[in-house]
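Enquirer: Sequence first, predicted model second:
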Amino acid sequence: MNPLCCIAPVSLDSAVEHHHQPPRILAAAAAAPTSPTPPAAAGAAVAAQVVLDAAQAAVAGVLHKWVNYGKGWRLRWFVLEGGVLSYYKLRVGGGGDSAASPAVAARVIGEGGALRRAREEAAAAGKQWKPFGEIHLKVSSIRASKSDDKRLYIFSGTKTLHLRCETEEDRNAWIQALQAAKDRFPRSLTSNDFSPMSDVLLSTEKLRVRLLQEGLNETVVKECESIMMTELLELHNQMKSQQQQYSILIDRLRQLETEKVELERTVVHETKEREAHGYANGRYSGGSASESDPDTASQVADVETDEDEVMYFDTRDFLSAESLRSASCRRRELLTNGCNGLEHIDPAANVVKTTQYPSVKRRDKLPEPKEKENPVGLWSIIKENIGKDLSGVCLPVYFNEPLSSLQKCFEDLEYSYLVDHALQWGKQGDSLMRTLQVAAFAVSGYASTEGRQCKPFNPLLGETYEADYPDKGLRFFSEKVSHHPMVVACHCEGRGWKFWGDSNLKGKFWGRSIQLDPIGVLTLQFDDGETFQWSKVTTSIYNIIIGKIYCDHYGTMRIKGSGDYSCKLKFKEQSIIDRNPHQVHGFVQDNRTGQKVAMLIGKWDEAMYYVLGDPSAKPKGYDPMSEAVLLWERDKSLNQTRYNLSPFAISLNELTPNLAKKLPPTDSRLRPDQRHLENGEYEMANAEKLRLEQLQRQARRLQEKGWQPRWFSKDDDDSYRYIGGYWEAREKGNWDGIPDIFGQRSASPGWS
């Protein structure tokens, strides 16, 4: 076995010389002789030697480190010395700044000679190699995996390292080395360690009796006891002082570790904001994400994803399903019992109920499919089209759900009653509760994505969608306004408020997942002039090739209010061992003083709660769910539906004979491939999808010729705003000049 795959002790001249100079350790490790000893014997021998020399020796080797779902397991060079476990990215010969390619990293285990030569060259060049991360074993705990005999975990209090060795013997050697290095530190001393013990007193009495038996007189014995007591008291005071210094050091280390992780996240977020700002200034200039500096992008991605997620507050404990249910039940009890305190908690709920919207009967299920679905795997499609122009490949409709991206925009307004509540709070002069309701509304738009495994249809250039929902007191309209890049704009009018925005998705493919970064600003404006603006967080779709597809939302959402308050929400990214996913937490901040005035906690697929007061002022061990108040709770359908659509989503594509007469020829409800998919006519849906995609290839040429959207135009901020006129044209039935983009009225494409 290659010596670099095992854990081998490396002698050191001094701990000071080692700091940030792993090439010397690497060269020493590479110089170790290669032995044909069997793996089991070699691992046992190494483990024994490691434990024997742990106090003087450093330990180094190559381990697999879990990075994230996109990158998976990556090889890292680990060095254990002086109670600190450091790890480094494997690099090519010479110790340059560029990381090794996947091919180089893959040969580390099998080609130890090449790796040794690279490390010796780096050591000869005398170049320093800074660690990518460090773990202080003094404040960490080590655990072996029970389900995998090659894996181990290291917990530092703020993060967790997931490591995997080549063999079980290697893992045992690493664990013994880590534990031996950890045992070198004195354990924490408590007050009990300094209290007199009965066995000590008994031993002292025996010594006194023996001294008297030896013929020493009482005076000499008392003098000896006095001297010993003085020395012991001095030693006791010294140990007590050391304990206090040790406690202070531990607290400081934990604080620095937390600050380091938070600083890294702040840098990543600000970098993303600058990228978004740059896009806003020239968002449709034809630039591409691939034109950015690759080294910078790589560094930012590593800072963000190479470390495991830091815990937000104590959400791992208080956001369990049980606590969420109990808080919801507590809220319902208040509503049922008519508690006096409820009038102070949510008086607007009663005010909103007085606003009576007309009742409208809508469908609650999709039509029964007329054909049996014969789905195909994405991997089979990729294999069949290797070497072909993928821009001409039409994915079958089995990957779609019977909704378009325009309709998905309206689905975000399923819980628009939260905005109605916010309007009423503002009328009562309570800007804080208005901000909390807006924050809940911003989170609620993600609830419908849980369990949805199919993508919506990509709308055609000029395609529109209207939603007149008097039962919700709102009218919504959206249009695809640009084809490259694809941009969708929307506008919604409620009773006393307006909502608008445009959105473009910047996608990244990571092999097993797709990352979608929304670019665009959503604006909510009340009739009294108060405005809130925010952008959506990152969405990733996992297991797109093999496994069960699921999505996750993560990142920071800043809701900027023009009035007294703004809000900051953090969507926690799901980890591989997270048993309580989809967590959201944040706070509301006073725009004038910067003080935090309320805390928000919950899950984007279940419910959101608030607690008044500054969360940082709460005592240690505080459980916010003990006094949390429900803001929003997801309406979960009791019946399983096709595509896991909610009752609200099922109603979006409903087409009645009366409505069909009023719609323009560009409405998504009239799109034939989408309608055939909803009816379960898969062969016809695939044929229509292919026809429309061929038709859509004209869209880019039209856009290059100066095509302009019909119902939206750019404002001074380079954002699309609704220019009006749609509902008036609809009332008159005047659709002159509106193209037949679906090509159903004639054989020609119908573009004008």
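Expert: Thanks, I have it.
Enquirer: Run through the stretch 201-350 of the chain and note the low-pLDDT ranges.
Expert: 201-203, 258-259, 261-262, 264-350 (pLDDT under 70).
Enquirer: you'd agree residue 661 is in a helix?
Expert: Yes: looking at residue 661 with DSSP: H, G, I helix; E, B strand; the rest coil, it is inside a helix.
Enquirer: which residue sits closest to it, ignoring its sequence neighbours?
Expert: residue 733 (8.0 Å; CB to CB, 6 or more residues apart in numbering). Yep, even glycine has a C-beta here, placed from its N, CA and C like the rest.
Enquirer: again with residue 60
Expert: Nearest to residue 60 is residue 79, by CB to CB, 6+ apart, at 4.6 Å.
Enquirer: Do I have it right that residue 532 meets residue 561?
Expert: Yes: here residue 532 reaches residue 561: they are 5.1 Å apart, a contact under CB atoms under 8 Å.
Enquirer: ok, the two, which is more surrounded?
Expert: Per other CB atoms under 10 Å, whichever of residue 532 and residue 561 has more neighbours is residue 532, with 27 against 22.
Enquirer: Please name the bridge partners of that one.
Expert: Beta-bridge pairing of residue 532 under DSSP bridges involves residue 524, residue 561.
Enquirer: how close does it get to residue 149?
Expert: 53 Å (CB to CB, to the nearest Å).
Enquirer: try residue 221
Expert: 60 Å.
Enquirer: repeat for residue 483
Expert: Following CB to CB, the distance that separates residue 483 from residue 149 is 53 Å.
Enquirer: So between the two, which is more surrounded?
Expert: Taking neighbours as other CB under 10 Å, residue 483 and residue 149 compare with residue 483 leading, 22 against 14.
Enquirer: pretty sure the more buried one is touching residue 461, no?
Expert: Yes: between residue 483 and residue 461 there is a contact at 4.5 Å, judged by CB under 8 Å.
Enquirer: so which strand or helix has residue 649?
Expert: helix 647-651 (DSSP states H and E).
Enquirer: quick one: average pLDDT of that helix?
Expert: On average, the pLDDT along helix 647-651 is 94.
Enquirer: ok, for residue 212, nearest residue in space, not its chain neighbours?
Expert: residue 221 (6.5 Å).
Enquirer: actually residue 143, not the one I wrote
Expert: residue 153 is the one closest to residue 143 (CB to CB, 6+ apart), at 4.9 Å.
Enquirer: Quick check: that neighbour touching residue 159?
Expert: No: using CB under 8 Å, residue 153 makes no contact with residue 159, being 10.9 Å away.
Enquirer: neighbour-wise, which of the two wins?
Expert: Neighbour comparison, residue 153 and residue 159: the larger count goes to residue 159, with 19 against 15 (by other CB under 10 Å).
Enquirer: any idea of the pLDDT on that one?
Expert: 78.
Enquirer: can you map out the helices along the stretch 651-752 of the chain?
Expert: Assignment of helices within the stretch 651-752 of the chain using DSSP state H, counting those that start in this stretch yields the ranges 657-662, 672-678, 682-704, 726-732.
Enquirer: Name the residues that touch stretch 722-742?
Expert: 460-464, 466, 475, 477, 489, 491, 500, 661-662, 664-666, 670-672, 692, 695, 710-713, 746, 749-752 (CB atoms under 8 Å, 6 or more residues apart in numbering).
Enquirer: Please spell out which residues along it are buried.
Expert: For stretch 722-742, the buried set under the neighbour-count rule, 16 or more other CB atoms under 10 Å, comprises 722, 726, 729, 730, 738, 739, 740, 741, 742.
Enquirer: Now pLDDT and distance to residue 618 too, for these, in JSON lines please.
Expert: Formatted as JSON lines, the buried residues of stretch 722-742 follow (pLDDT from 0 to 100; distance: CB to CB, whole Å):
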{"residue": "722", "pLDDT": "97", "distance to residue 618": "44"}
{"residue": "726", "pLDDT": "96", "distance to residue 618": "49"}
{"residue": "729", "pLDDT": "95", "distance to residue 618": "55"}
{"residue": "730", "pLDDT": "95", "distance to residue 618": "53"}
{"residue": "738", "pLDDT": "91", "distance to residue 618": "57"}
{"residue": "739", "pLDDT": "89", "distance to residue 618": "59"}
{"residue": "740", "pLDDT": "89", "distance to residue 618": "61"}
{"residue": "741", "pLDDT": "90", "distance to residue 618": "56"}
{"residue": "742", "pLDDT": "91", "distance to residue 618": "57"}
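Enquirer: measure residue 662 to residue 547 for me?
Expert: Taking CB to CB, one finds residue 662 at 44 Å from residue 547.
Enquirer: the more surrounded of the two?
Expert: residue 662 (14 against 9).
Enquirer: confidence score at that one?
Expert: 94.
Enquirer: so residue 569 touches residue 556, yeah?
Expert: Yes: using CB under 8 Å, residue 569 is in contact with residue 556, at 7.2 Å.
Enquirer: which residues of the stretch 101-250 of the chain fall in strands?
Expert: 133-136, 141-144, 151-155, 160-164 (DSSP state E, counting those that start in this stretch).
Enquirer: Rebuild those strands as CSV, extending it with distance to residue 594.
Expert: Supplementary listing: these in CSV, determined by distance: least, CB to CB, whole Å:
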stretch, distance to residue 594
strand 133-136, 32
strand 141-144, 37
strand 151-155, 34
strand 160-164, 33
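Enquirer: Lowest average pLDDT across those strands?
Expert: Among those, strand 133-136 scores lowest, with a mean of 84.
Enquirer: winner for burial among the helices of the stretch 651-752 of the chain?
Expert: Using mean count of other CB atoms under 10 Å, the stretch among the helices of the stretch 651-752 of the chain with the largest mean neighbour count is helix 672-678, at a mean of 23.
Enquirer: In PDB, list the C-alpha atoms belonging to that helix.
Expert: Taking C-alpha atoms only, helix 672-678 is exported to PDB below (Å, rounded to 0.1, in the frame of the first residue of the first chain):
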ATOM      1  CA  PRO A 672     -51.300  22.900 -26.800                       C
ATOM      2  CA  ASP A 673     -48.400  20.800 -25.500                       C
ATOM      3  CA  GLN A 674     -49.100  21.900 -21.900                       C
ATOM      4  CA  ARG A 675     -52.800  21.200 -22.400                       C
ATOM      5  CA  HIS A 676     -52.200  17.700 -23.800                       C
ATOM      6  CA  LEU A 677     -49.900  16.900 -20.900                       C
ATOM      7  CA  GLU A 678     -52.500  17.900 -18.400                       C
END
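Enquirer: what pLDDT, on average, does that helix get?
Expert: Computed over helix 672-678, the average pLDDT equals 96.
Enquirer: which residues sit against that helix?
Expert: 366-367, 397, 400-404, 457, 653, 655, 668-669, 682, 684-686, 688-689, 692, 742, 744.
Enquirer: let's see it at 6 Å
Expert: 366, 397, 402, 457, 684, 685, 688, 689, 692 (CB atoms under 6 Å, 6 or more residues apart in numbering).
Enquirer: Was I right to think residue 65 contacts residue 78?
Expert: No: taking contacts as CB atoms under 6 Å, residue 65 lies outside contact range of residue 78: 8.2 Å.
Enquirer: What about the residue nearest to residue 423 when sequence neighbours are not counted, how many residues nearby?
Expert: For residue 423, ignoring the flanking residues on the chain, the nearest one in space by CB to CB, 6+ apart is residue 496 at 4.6 Å. Counted with other CB under 10 Å, residues neighbouring residue 496 total 17.
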